[in-house]
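Trainee: sharing a model prediction with you, sequence too.
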Amino acid sequence: MARFFALQSSVRDIIAEAGKVTAVFGNHDERTLAQLNDVASRAAYAALMADGHSGYLMPIGGVAAYRNQVSVPGVGYDIACGNAAIKTDRFIDEFDRRDLELIADEIQRSISFGIGRTNRADDAPVDHPLFKSDAWSLLPNDARASELKSKARGQLGTVGSGNHYVDIFADRADGRIWVGVHFGSRGLGHTIASGFLALAANAKWGQRVKESDAILDLDKPLGQDYWSLMNLAGEYAYAGREWVARKVVDILGARELELVHNHHNFAWEENQFGEKLIVVRKGATPAFPGQKGFIGGSMGDDAVIVQGASGNPLQQDALFSTVHGAGRVMSRTQARGKTKGWGPRARIVSPGLVSQEMLDSWMDEKGVILRGGGLDEAPQAYRRLPDVLAAQKGTIEVIHTLRPVIVAMAGAHEFDPYKD
């Protein structure tokens, strides 16, 4: 049934023992493979994409399929984190460098990044229909639902920090401008994930518990409630990303021609290997035949629009999934060094592997206008996206290659408790 490639010795042991790992794309360290092994021991099937690296309990880039169950830490704290890209009717040669600098400044002013966790814009979608969903009633009590709904209204359309961004790209084929964004469900998703991890451990909602692979049965009330609230967070993330991307399209004075939009921290009910399964993707993009996805590289590398290939048997082994980005090769601390304090008072007390000069040199050579960003998000901390895509063995097709022109992110030392 399964085909295996790029396998490390420890993964061969997993296959021999359980037969549940259907594919491992690319090469990975032992810690990442050990996490895959652990997840596979409880799932019906599991796979690992080429941008994989270790995460909380389940590796980033991991995909796991369950029979009528869902893994809360598999979906993760940043429920429904994902990417959206809009193709516009404008072209890069319509703008000079000064125009682009001003656009970058306007994006930074208009969109809330990092510690600005309340949307500053007057036209934020605070009356979106999702706020009338019956799912809010599934939270433990009315007061908590009201408090969380108020917080969610304020944060809808905020981007956060870490590797979350707003980018302007030029298509390498014809210079057409695309807008790309990456972020998730912010405090709403984090609160839902934390709450159900506590309830699964027989603790109270809001109580901090030791992380464990809380797998919920979907035919029981706790699992049903999580599923409903996970989907609420998914709707919230979609609304936020689309509002931000369209806000930037307006800043460009452009018109939207096409939207490509996917979650990559989520769970879906799908047909896999001839049966109905719950598929959890953690840092992995759905890629059924013909399905489009937007995959970003690092801040200084090309991004791509891809679609699932047709007729390749390896797609099933990948659980019809692909990468969600380039994948880290350095931890944040390894890249930037050890820091002390937050905000303007933050300082590096022990240098990391990436210096400001290295980051600046890379971005200057690529001609990218950067607003925000830090050493922990430097291109040197990531794999190269073409290598990662090549390792996916033809399960996807690249249909657009996008050159970064403007990258806007949170500042280097901004604190954000809701980043992935």
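Mentor: Arrived safely, thanks for sending.
Trainee: could I get the full set of helices for the stretch 201-350 of the chain?
Mentor: 221-251, 314-317, 332-336 (DSSP state H, counting those that start in this stretch).
Trainee: can you give me the strands for the stretch 201-350 of the chain?
Mentor: 215-217, 256-263, 265-272, 275-282, 284-286, 292-295, 303-308, 321-323, 337-340, 347-351 (DSSP state E, counting those that start in this stretch).
Trainee: quick one, which of these is packed in tightest?
Mentor: Most buried of those, by mean neighbour count (mean count of other Cβ atoms under 10 Å): strand 321-323, with a mean of 30. Quick note: C-beta positions are derived from backbone N, CA and C, even for glycine.
Trainee: run through who's touching that strand.
Mentor: Contacts to strand 321-323, defined as Cβ atoms under 8 Å, 6 or more residues apart in numbering, come from residues 47, 49-51, 61, 63, 279, 281, 284-287, 293, 295, 306, 308, 388-389, 392, 395-396.
Trainee: now do 6 Å
Mentor: M49, A50, D51, V63, R281, A284, T285, A287, V388, Q392, I396 (Cβ atoms under 6 Å, 6 or more residues apart in numbering).
Trainee: mind putting the strands of the stretch 201-350 of the chain in TSV, distance to D171 and mean pLDDT included?
Mentor: Shown next, in TSV, are the strands of the stretch 201-350 of the chain (distance: least, Cβ to Cβ, whole Å; pLDDT from 0 to 100):
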stretch	distance to D171	mean pLDDT
strand 215-217	42	98
strand 256-263	12	98
strand 265-272	27	98
strand 275-282	27	98
strand 284-286	20	98
strand 292-295	12	98
strand 303-308	9	98
strand 321-323	20	98
strand 337-340	36	79
strand 347-351	37	77
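Trainee: flag the shaky bits of the stretch 301-420 of the chain, pLDDT-wise.
Mentor: Confidence mapping of the stretch 301-420 of the chain against pLDDT under 70 gives the ranges 341-347, 412-420.
Trainee: can you tell me the SS state at G372?
Mentor: Put simply, G372 is strand when judged by DSSP: H, G, I helix; E, B strand; the rest coil.
Trainee: which residues touch the nearest residue to it once chain neighbours are set aside?
Mentor: Nearest residue to G372, sequence neighbours excluded (Cβ to Cβ, 6 or more residues apart in numbering): M409, at 4.1 Å. By Cβ under 6 Å, 6+ apart, the contact list for M409 reads Y165, G372, G373.
Trainee: of these - the most surrounded one?
Mentor: The most crowded member of these, judged by other Cβ atoms under 10 Å, is Y165 (26 neighbours).
Trainee: that residue contacts F183, doesn't it?
Mentor: No - taking Cβ atoms under 6 Å as the definition, Y165 is not a contact partner of F183, at 7.9 Å.
Trainee: just give me the closest of the contacts of strand 321-323 to L36.
Mentor: V63 (9.8 Å; Cβ to Cβ).
Trainee: distance of that closest one from A43?
Mentor: Computed as Cβ to Cβ, to the nearest Å, the V63 to A43 distance reads 9 Å.
Trainee: so for the two, which residue has more residues nearby?
Mentor: In this view V63 and A43 are compared by other Cβ under 10 Å, and V63 has more residues nearby, 32 against 29.
Trainee: ok, what's across the strand from the more buried one?
Mentor: Beta bridges link V63 to A47, R281 when assigned by DSSP bridges.
Trainee: residues contacting it?
Mentor: A47, R281, A284, L319, S321.
Trainee: for the third one, give its distance to M58.
Mentor: From A284 over to M58 the distance is 10 Å, taken as Cβ to Cβ.
Trainee: CA atoms only: put the longest strand belonging to the chain into PDB for me.
Mentor: The single longest strand within the chain, with elements called by DSSP state E, is strand 396-411. Extracted C-alpha coordinates of strand 396-411, given in PDB (Å, rounded to 0.1, in the frame of the first residue of the first chain):
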ATOM      1  CA  ILE A 396       2.500  19.100  -6.300                       C
ATOM      2  CA  GLU A 397       3.000  21.400  -9.300                       C
ATOM      3  CA  VAL A 398       4.300  25.000  -9.000                       C
ATOM      4  CA  ILE A 399       2.100  27.300 -11.100                       C
ATOM      5  CA  HIS A 400       3.500  30.700 -10.000                       C
ATOM      6  CA  THR A 401       6.800  31.700  -8.500                       C
ATOM      7  CA  LEU A 402       6.600  34.900  -6.600                       C
ATOM      8  CA  ARG A 403       9.500  37.300  -5.800                       C
ATOM      9  CA  PRO A 404       9.200  39.200  -2.500                       C
ATOM     10  CA  VAL A 405       9.100  42.900  -2.900                       C
ATOM     11  CA  ILE A 406       7.800  44.100   0.500                       C
ATOM     12  CA  VAL A 407       7.900  42.100   3.800                       C
ATOM     13  CA  ALA A 408       6.000  43.400   6.800                       C
ATOM     14  CA  MET A 409       6.300  41.700  10.200                       C
ATOM     15  CA  ALA A 410       6.200  42.400  13.900                       C
ATOM     16  CA  GLY A 411       9.400  44.100  15.300                       C
END
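Trainee: buried set for it?
Mentor: 396-397, 400, 402-411 (16 or more other Cβ atoms under 10 Å).
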